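J.: Quick one, fold the following:
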Amino acid sequence: MHGAVSVEPNPLALRSADLQRLRIFALVWASQVLSAFGSGLTGFALGVMVYQQTRSVTAFSLLGLSTTLPGIFFSPLAGALVDRWDRRSALVVSDVGAGLCTLGIVILLSFDVHALWPICLLLAVSSLFGSLQWPAYSAAVTALIPKRHFDRASGIVQLGTAVSQILAPLTAGALLAIVKISSILWLDLATCAGAVSVLLLVHIPFGRGQAKAAPRSSLFAEAAAGWSYIRDRSGLLSLLAFLGVINLAAGFSQALVPPMVLAFGTEAELGLVLAVASVGLLGGSLVMSLFGGPRKRARGVLTFGLLYGFCYCALGLRPAVWLIAAAFGGLLFMVPLINGCSQAIWQVKVPLELQGRVFAVRRIIAQASQPLALLAAGPLADGLFAGLLAPGGALAGSAGRLIGTGPGRGIGLLLSFIGFFVVSSALGGQMSSRLRRVELEIPDALRDESSVLR
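T.: Got it, this is the predicted structure:
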């Protein structure tokens, strides 16, 4: 147009802006690793304390349910709150709330109150605050990282999670031998204070060139918008269903692998299996962090999911420690690759102003499937599959010739069935055009920008 002046973007300015965002991402990442490490210390120490005092698996399970179920039920409202607030405020509220609940437990123990119900109540309140953390953290990463590197950023996030999951139990276990549990809880409070201090040093933008939308409806209506967004996009709904299968399988492996190994092996051999599995998780996170995922991320989810299913099938084939360790390590190696590709799709396809709500809905489905697996694993393994492969059982002369009979072999058969289900789901996903083409059929909600990470 006559008289108009064309202004080219300044590459140096873009480079400086990207560097600043990367510094902020690094600080936010560090704060959340520190927070997760502290929470892991408290979770491990309280679990040991309760089990040593009660010798009750039910009491031990109540701690786990207290830390997960309230957050699951509150997640839709938490996602709506995250979209109303700025991301840093949500993360600070999450960490401070969890820290206050930990302080409450310290006060209870200082008065020699070891009753289970007040501890579970405080953990439940902490879970409500914790439900803010994941959608706020994920949306903050979206705002800080160029979209072409979302999968790599997801790998870095999962790397931090893996490190905290490995170090927290080791640290807490070592400390319990030399200090009181209250000292470990004080260490958790110190990590919480450190995480909050780091967050207060940064400003997390709401988005790249996008303004935060003002709330126009009730909190409940906004929470429902997260599900509506997914429901109206069949490709995302199919992706979510497949990830639900993966999470259901993960819940079963968490419940079934330890007793299967202990049915024929020692505690040391179980420790070896879990150590190899942790190395697999860490390795997959490193690979995703360094190299990112494939260009066609939906195919990446399905391909890595297929390999996940094959490893799952191998878990139950023979009562051999080396085979179970290799299969479990390979299985967990695939998890960051699946999650990284999936997370990148969601970050690109969901508008920033909706990400808190949409990610909260995803979290509900991901978390809800694992308690379901934990509840179903015992009855299936002990009540049905154990009898099938007992000496003289209905399948002892058929499937028993392949995977063996006796203690733990029913669990092996159940794991192989679940692995076959995962493989079938991945192959079915490959035949679903909606899922395969989700990146093409749903337009990107975010524009790309120049970045120093090329």
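J.: Run through the stretch 101-250 of the chain and note the low-pLDDT ranges.
T.: For the stretch 101-250 of the chain, the stretches with pLDDT under 70 are 206-219.
J.: Which stretches in the stretch 251-400 of the chain count as helices?
T.: Listed from the start of the chain, the stretch 251-400 of the chain has helices (DSSP state H, counting those that start in this stretch) covering 267-291, 297-315, 321-349, 355-378, 386-388, 399-403.
J.: Now do the second one against helix 267-291, angle only.
T.: Translated: helix 297-315. Angular relation of helix 297-315 and helix 267-291 on a 0 to 180 degree scale: 170 degrees, by axes from the mean of the first three to the mean of the last three C-alpha atoms, to 10 degrees.
J.: Which strands or helices does helix 297-315 pack on?
T.: With contacts defined as 3 or more C-beta pairs under 8 Å, 6 or more residues apart in numbering; DSSP states H and E, the secondary structure elements packing on helix 297-315 are helix 234-262, helix 321-349, helix 409-431, helix 433-436, helix 438-441. In short, each C-beta sits where N, CA and C put it, glycine included.
J.: Tell me which of those helices sits nearest to Leu372.
T.: Nearest to Leu372, of all the helices and strands packed on helix 297-315, is helix 234-262, at 6.8 Å by C-beta to C-beta.
J.: Any idea how many residues pack against Ala115?
T.: Residues lying near Ala115 (other C-beta atoms under 10 Å) number 8.
J.: Next, work out how far apart it and Pro351 are.
T.: Taken as C-beta to C-beta, to the nearest Å, the spacing of Ala115 relative to Pro351 amounts to 46 Å.
J.: Over to Asp382?
T.: For Asp382, the distance to Pro351 under the criterion C-beta to C-beta works out to 47 Å.
J.: More neighbours: those two, which one.
T.: When neighbours are counted by other C-beta under 10 Å, Asp382 and Pro351 differ, and Pro351 comes out ahead with 16 against 13.
J.: Apart from its neighbours in sequence, what residue is nearest Ile24?
T.: Spatial nearest neighbour of Ile24, chain neighbours left out: Val202 (4.8 Å); criterion: C-beta to C-beta, 6 or more residues apart in numbering.
J.: do the same with Ala314
T.: Using C-beta to C-beta, 6+ apart, the nearest residue to Ala314 is Ala327, at 3.9 Å.
J.: Equivalent analysis for Val261, please.
T.: Taking C-beta to C-beta, 6+ apart as the measure, Val261 lies nearest to Leu270, with 4.6 Å between them; neighbours along the chain are not counted.
J.: The one you found: neighbour count?
T.: Using other C-beta under 10 Å, Leu270 has 19 other residues around it.
J.: For Cys313, see how far away it is.
T.: For Leu270, the distance to Cys313 (C-beta to C-beta) stands at 21 Å.
J.: Got the domain ranges for this structure?
T.: 11-201, 223-445 (automatic domain parsing).
J.: rewinding a little: for the residue nearest to Ala314, which residues are in contact?
T.: Remark: with contacts taken as C-beta atoms under 8 Å, 6 or more residues apart in numbering, Ala327 is in contact with 311-312, 314-315.
J.: what do you get for Phe328?
T.: Neighbours of Phe328 in contact, by C-beta under 8 Å, 6+ apart: 253, 257, 273-274, 276-277, 280, 311, 315.
J.: gap between the longest helix belonging to the chain and the chain center?
T.: The longest helix of the chain (DSSP state H) is helix 11-54. When distances are taken as C-alpha atoms, centre = their mean, to the nearest Å, helix 11-54 is centred 13 Å away from the chain's centroid.
J.: same question, stretch 134-149
T.: Distance of stretch 134-149 from the chain centroid (C-alpha atoms, centre = their mean) equals 15 Å.
J.: Stretch 288-306 now?
T.: 17 Å.
J.: Give me the mean pLDDT for that stretch.
T.: Averaging pLDDT along stretch 288-306 yields 88.
J.: That stretch: end-to-end distance?
T.: End-to-end span of stretch 288-306 (C-alpha to C-alpha, to the nearest Å): 17 Å.
J.: Packing partners of the helix or strand where Ile105 lies?
T.: Secondary-structure element containing Ile105, defined by DSSP states H and E: helix 87-110. Taking 3+ C-beta pairs under 8 Å, 6+ apart as contact, the helices and strands that helix 87-110 lies on are helix 11-54, helix 116-130, helix 133-144, helix 181-200.
J.: which of the ones you listed sits most buried?
T.: Per-stretch averages of neighbours, counted by mean count of other C-beta atoms under 10 Å, single out helix 133-144 among those, with a mean of 25.
J.: C-terminal to that one, what's the next element?
T.: The first helix or strand that comes after helix 133-144 along the chain, using DSSP H and E, is helix 150-176.
J.: Pretty sure Cys101 is one of the things Val125 touches, is it not?
T.: Yes - shown here, Val125 and Cys101 form a contact pair, counting by C-beta atoms under 8 Å, at 5.3 Å.
J.: Check the gap between Ile105 and Leu307 for me.
T.: Look at Ile105 and Leu307: by C-beta to C-beta, they are 41 Å apart.
J.: How about the contacts made by Asp188?
T.: Taking C-beta under 8 Å, 6+ apart as the contact definition, Asp188 lies against 38-39, 41-42, 99, 102.
J.: Likewise for Ile184?
T.: By C-beta under 8 Å, 6+ apart, the residues touching Ile184 are 41-42, 45, 172, 175-176.
J.: can you check Ala366 too?
T.: With contacts taken as C-beta under 8 Å, 6+ apart, Ala366 has the following neighbours: 243-244, 247.
J.: cutoff 10 Å now
T.: Neighbour list for Ala366: 72, 75, 134, 240, 243-244, 246-248, 250, 339 [criterion: C-beta atoms under 10 Å, 6 or more residues apart in numbering].
J.: Any of those residues buried? List them.
T.: Buried residues within the contacts of Ala366, counting neighbours by 16 or more other C-beta atoms under 10 Å: 72, 75, 134, 240, 243-244, 246-248, 250, 339.
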